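In: For reference, the sequence and a predicted model appear below.
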Amino acid sequence: MKQKKAAPLIAEVLIEALPYIQRFKGKTVVVKFGGNAMVDEALKHSFARDIVLMKLVGINPIVVHGGGPQIGQVLAKLGKTTGFVDGMRITDSETMDVVEMVLGGLVNKEIVNLINMNGGKAVGLTGKDGDFIRAKKINLKRSALDDDASEIIDLGHVGEVSSIDPAVVDMLGRSDFIPVIAPIGVGADGYSYNINADLVAGKTAEVLKAEKLILLTNTAGILDKQGGLLTGLSVSDIDALIADGTISGGMIPKTRCATDALNGGVHSVHIIDGRVEHAVLLELFTDQGVGTLLVSRPRC
Ligand SMILES: Nc1ncnc2c1ncn2[C@@H]1O[C@H](COP(=O)(O)OP(=O)(O)O)[C@@H](O)[C@H]1O
Ligand SMILES: CC(=O)N[C@@H](CCC(=O)OP(=O)(O)O)C(=O)O
């Protein structure tokens, strides 16, 4: 039986959420669910419930998902290995087929199903649906920070977003539906492109003029070299942390997309710990928030 004295606490929590619900009602929030955050069933359900609750209180959640580890598992079963450069998977034609099957099929439909099982109405999309994510082959310089570097690394079918048509996602989001987007784009040549999910989330947030972009991952946020949590970071702080090697691997595209989104008008970006139950609700509706907050300018 529930203890009676918990009731004032519940009321307190709900009241704490009220100003946030009022502030975010009618606003779009893009939530990126990273493959590393999809670690166990309970967490996946808590994520889905958070998304459903957001929709019910009048926020417009748009889910963009990853699935890097899930792609890796299927590739391993097929006896195939792939390398990464700056957090991007080198993607040959065979790997692209696996990426499309895993992201557009397995992972996308799992998330759609989870949201629907928890009372939402999710609709899964890849960038091919309605031709809404146009992609082009990514040109990665030998050093991501060196604009003058002449050597381009060929990552195969890895793309970057050339444009996003917001119409289909906007239409779904304005109705009862919750769009769930797999990060696959289509080129002018009709080929599929494997796009890092963080990049798709950032561009989607920018194009939809989202209030917030929330990136769930498998760390407490951006950590310093001693493992301490960093927060209140500006675009210039991020550049410095990449240059000195504090930010590396998969955190590079994540922070790059975050800074692009901030420069593109998204109000705030949060990198939060997807291993914590209800991390999205804790970030949105509580005074303390969680994880790393990124802002466009240094805070005074
Ligand atoms: N400074 C940093 N702070 C936190 N994580 C970092 C940092 N630098 C590199 N990383 C790595 O980035 C990973 C998150 O990126 P990624 O594996 O692509 O996750 P996701 O699947 O959530 O997109 C972390 O698990 C960690 O290994
Ligand atoms: C180009 C590139 O690297 N694409 C990613 C797409 C999935 C992704 O981004 O998944 P996470 O968010 O779980 O890392 C990949 O192939 O793994």
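Out: It's in. Ligands and ions are numbered 1, 2, ... in the order given.
In: Please give the element, helix or strand, for the nearest residue to Ile181 once chain neighbours are set aside.
Out: Among residues not flanking Ile181 along the chain, Val64 sits closest, at 4.6 Å (Cβ to Cβ, 6 or more residues apart in numbering). In short, each C-beta sits where N, CA and C put it, glycine included. Using DSSP states H and E, Val64 sits in strand 60-65.
In: After that strand, which helix or strand is next?
Out: For strand 60-65, the succeeding helix or strand toward the C-terminus, using DSSP H and E, is helix 68-77.
In: Tabulate the CA atom coordinates of that following helix in PDB.
Out: The C-alpha trace of helix 68-77 is given here as PDB (Å, rounded to 0.1, in the frame of the first residue of the first chain):
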ATOM      1  CA  GLY A  68      24.600   2.500 -33.900                       C
ATOM      2  CA  PRO A  69      25.100  -0.500 -31.500                       C
ATOM      3  CA  GLN A  70      22.100  -2.300 -33.000                       C
ATOM      4  CA  ILE A  71      23.600  -1.900 -36.500                       C
ATOM      5  CA  GLY A  72      26.900  -3.200 -35.100                       C
ATOM      6  CA  GLN A  73      25.200  -6.300 -33.700                       C
ATOM      7  CA  VAL A  74      23.600  -7.200 -37.000                       C
ATOM      8  CA  LEU A  75      26.900  -6.600 -38.900                       C
ATOM      9  CA  ALA A  76      28.700  -8.800 -36.400                       C
ATOM     10  CA  LYS A  77      26.200 -11.600 -37.000                       C
END
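In: can you list contacts of that helix?
Out: Residues outside helix 68-77 that contact it (Cβ atoms under 8 Å, 6 or more residues apart in numbering) are 34-36, 38, 81-82, 89, 95, 98-99, 101-103, 106-107, 197, 250.
In: try 10 Å
Out: Applying Cβ atoms under 10 Å, 6 or more residues apart in numbering, the contact partners of helix 68-77 are 34-39, 67, 80-82, 84, 87, 89, 91, 94-95, 98-103, 106-107, 110, 194, 196-197, 218, 250.
In: quick revisit: what is the burial count for the residue nearest to Ile181?
Out: By other Cβ atoms under 10 Å, the residues close to Val64 number 27.
In: Show the pLDDT at it.
Out: pLDDT recorded at Val64 is 98.
In: Isn't it up against Lys32?
Out: Yes. Look at Val64 against Lys32 with Cβ atoms under 10 Å: they come within range, at 4.8 Å.
In: hey, what's in contact with both of these two?
Out: Taking Cβ under 10 Å, 6+ apart as the criterion, Val64 and Lys32 both touch Ile181, Pro183, Ala197, Asp198, Leu199, Val200, Ala201, Gly202, Thr204, Ala205, Leu213, Leu215.
In: Show me what the residue nearest to Leu294 when sequence neighbours are not counted is bridged to.
Out: Of all residues not flanking Leu294 in the chain, Val269 sits nearest, at 4.3 Å (Cβ to Cβ, 6+ apart). Assessed by DSSP bridges, Val269 has beta-bridge partners Leu213, Leu294.
In: Show me what counts as buried in the host helix or strand of Ile15.
Out: Using DSSP H and E, Ile15 sits within helix 6-24. By neighbour count on 16 or more other Cβ atoms under 10 Å, the buried set for helix 6-24 is Ala17, Tyr20, Ile21, Phe24.
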